[in-house]
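*Asks:* pasting the structure only:
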Ligand SMILES: NC(=O)c1ccc[n+]([C@@H]2O[C@H](COP(=O)([O-])OP(=O)(O)OC[C@H]3O[C@@H](n4cnc5c(N)ncnc54)[C@H](OP(=O)(O)O)[C@@H]3O)[C@@H](O)[C@H]2O)c1
């Protein structure tokens, strides 16, 4: 399948920084954000800046910061995805089990941004595992999204007939329907097994990763296999007080950043793709605004000390 090459870097507008400050002031003054950003967006387009990309083990490029869509459904989902793309996000993460692929597709269409500029991920749910089911489920995802290929398709959890699913995904990859294939929530033993029969190596493993569950062991394993690590719930959904944690806040004060931005910068400096989710434009902007400061070694080490080395989502185990 012939396609235009993905842009080296993802272009977005420099108005982000200015409008984030403007938004913060406006929120402080009690103004709503939706009208406000409509105005800022249309009046400040002009200069560009970029979200960096990493190169996957098959040579394709993936933005290191993206937009998560869990729970963003229906009209809200459409609007959030359209807003996120218009503000500069290019990586959009969805999954069959989120029940929002139609909304995500609607948001992509509404954004008006060229398909080739986007990096769209979806995931095969466990009920659809196995060779035939996986092929059908993939086509259903494409139809719901209104797309004719995916950039990344992941096995959502290591359950069911993983071998059959992987074979189907390898074929779809070879046919050019998926630019990269990977897994999610795979532990070292699952990866070892997959690697024993895989003809195409997984490009990505998307796993829970945040300051309270840093996944150092998994990070080592993924490095060994040349698989890119991607963080789901990069804020732990705010659990365990992540957004008010005083250690992160103290680091943030030094850089004039908040806990969300310090967290995302930490992921970025560790070379991990992060896909924060938000339903608020002001937060979308804040979460993009992480490329103008640097955490030094001692700050990175301080964040390391927050690791509890345990999931914050025991209900999903
Ligand atoms: N593969 C898997 O098994 C798996 C599992 C879970 C998630 N995921 C993916 O990972 C994505 C991210 O994870 P998640 O959605 O669970 O949670 P998350 O991104 O860790 O946290 C989302 C929460 O953070 C808040 N937030 C976002 N930006 C903020 C900011 N700047 N300041 C303060 N609060 C902020 C959001 O509230 P507001 O809306 O109010 O901003 C929301 O409540 C998902 O959306 C999904 O795409 C994958």
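*Replies:* Nice, I can see it. What you see is a predicted model; the values in this text were computed from it and never measured.

*Asks:* any residues touching stretch 251-269, and which ones?
*Replies:* For stretch 251-269, contacts defined as Cβ atoms under 8 Å, 6 or more residues apart in numbering pick out 52, 64-65, 209-211, 231, 234-235, 242-245, 248-249, 273-274, 276, 283, 286-287, 289-291, 293-295, 299-300, 302-303. (Each C-beta comes from the backbone N, C-alpha and C, glycine too.)

*Asks:* could you check how far that stretch is from the centre of its chain?
*Replies:* Its chain's C-alpha centre and that of stretch 251-269 lie 17 Å apart, by Cα atoms, centre = their mean, to the nearest Å.

*Asks:* how far does it stretch from one end to the other?
*Replies:* 15 Å (Cα to Cα, to the nearest Å).

*Asks:* return the set of buried residues in it.
*Replies:* 251-252, 255, 257-268 (16 or more other Cβ atoms under 10 Å).

*Asks:* returning to that earlier point: of the contacts of stretch 251-269, buried ones?
*Replies:* For the contacts of stretch 251-269, buried by 16+ other Cβ under 10 Å: 64-65, 209-211, 231, 234-235, 242, 245, 248, 273-274, 276, 283, 286-287, 289-291, 295, 299, 303.

*Asks:* which of those residues fall within strands?
*Replies:* Members of those lying in strands (criterion: DSSP state E): 231, 273, 274.

*Asks:* and the helices in the stretch 201-317 of the chain?
*Replies:* For the stretch 201-317 of the chain, helices defined by DSSP state H, counting those that start in this stretch occupy the ranges 216-225, 246-255, 259-269, 281-288, 297-304.

*Asks:* so which of the buried ones among the contacts of stretch 251-269 are also by the ligand?
*Replies:* Counting by Cβ under 6 Å from any ligand atom, 234, 235, 276, 283, 286, 287 from the buried ones among the contacts of stretch 251-269 sit close to the ligand.

*Asks:* closest point of the protein to the ligand, which residue?
*Replies:* Here the residue of the chain nearest the ligand is residue 68; by Cβ to the nearest ligand atom that distance is 2.4 Å.

*Asks:* can you check the pLDDT for that residue?
*Replies:* Looking at residue 68, its pLDDT is 98.

*Asks:* ok, residue 317 next?
*Replies:* With respect to pLDDT, residue 317 scores 86.

*Asks:* any idea of the pLDDT on the nearest residue to it once chain neighbours are set aside?
*Replies:* Leaving aside its chain neighbours, residue 317 sits nearest to residue 311 (6.5 Å; criterion: Cβ to Cβ, 6 or more residues apart in numbering). The confidence metric pLDDT takes the value 98 at residue 311.

*Asks:* can you give me the neighbour number for residue 311?
*Replies:* Residues contacting residue 311 under the criterion other Cβ atoms under 10 Å number 17.

*Asks:* hang on, it packs against residue 239?
*Replies:* No. Judged on Cβ atoms under 8 Å, residue 311 makes no contact with residue 239 at a distance of 10.0 Å.

*Asks:* for residue 196, give me its contacts.
*Replies:* By Cβ under 8 Å, 6+ apart, residue 196 has no neighbours at all.
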